[in-house]
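> pasting the structure only:
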């Protein structure tokens with residue numbers, strides 16, 4: 001299990017992202033199915049454990065292929081929900097503030113994006129739903145802008161992308177209903 005074994009996680013990451021940049025899909029499925037943050041116990045996150053787990057991964061990879069570790073962890077942070085009413089939870093925000101880099105930020109936004117598509121586009125393909133999600137992002141940004149500036153920046157970037165997607169869906173809908 002990845003949460004207790006950073007060595008296994010690093011091995012899977014190395015196999016998933018080969019030096020040739022060709023994805024190895026069986027390993028991709030393994031990483032994609034991972035939903036529990038290291039240090040999580042009964043919906044509580046031990047930030048110290050998570051930080052030490054991350055540091056161990058960095059040590060094991062000797063700063064080689066760290067981009068993929070950071071992106072994989074970022075994706076997991078982006079999809080992690082402690083509860084529905086407080087997302088991203090404060091522990092995730094603190095991790096992002098303390099450890100994030102460009103690659104982890106890319107992964108975090110990717111995780112948020114995939115979580116968002118599961119809520120909107122696949123089920124509804126609806127601009128109204130996209131705007132509602134963008135409003136949730138804005139609410140988060142307004143609430144935490146002074147506390148978690150790095151997290152807010154990432155969420156704000158995704159909010160802008162979500163609004164663009166809402167506009168695109170709205171235009172597509174109008175074009176489909178246009179009578180020639």
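Thanks, I have it. In this text, all values refer to a predicted model and were calculated from it rather than measured experimentally.
> Count the neighbours of residue 88 for me.
Using other Cβ atoms under 10 Å, residue 88 has 24 neighbouring residues. The way it works is simple: take the backbone N, C-alpha and C, and place the C-beta from them, glycine included.
> Doesn't it lie inside a helix?
No: in this structure, residue 88 is coil, not part of a helix, as judged by DSSP: H, G, I helix; E, B strand; the rest coil.
> So it sits against residue 79, correct?
No: Residue 88 is beyond contact range of residue 79, at 10.0 Å (criterion: Cβ atoms under 8 Å).
> Pick out the least confidently modelled helix or strand of this protein, by mean pLDDT.
Each helix and strand of the chain was given a mean pLDDT (mean pLDDT, DSSP states H and E); the minimum falls on helix 25-32 at a mean of 64.
> and the residue lying closest to residue 100 once chain neighbours are set aside, how many neighbours?
Nearest residue to residue 100, sequence neighbours excluded (Cβ to Cβ, 6 or more residues apart in numbering): residue 150, at 5.5 Å. Residue 150 has 17 neighbours, counted by other Cβ under 10 Å.
> check which helix or strand covers residue 150.
Per DSSP states H and E: residue 150 is located in helix 149-177.
> circling back: residue 99 is in contact with the residue nearest to residue 100, correct?
No: counting by Cβ under 8 Å, residue 150 sits too far from residue 99 to count as a contact (9.8 Å).
> coming back round to it: next helix or strand past the least confident helix or strand of the chain?
strand 40-41.
> now that next one: mean pLDDT?
Averaged across strand 40-41, pLDDT comes to 81.
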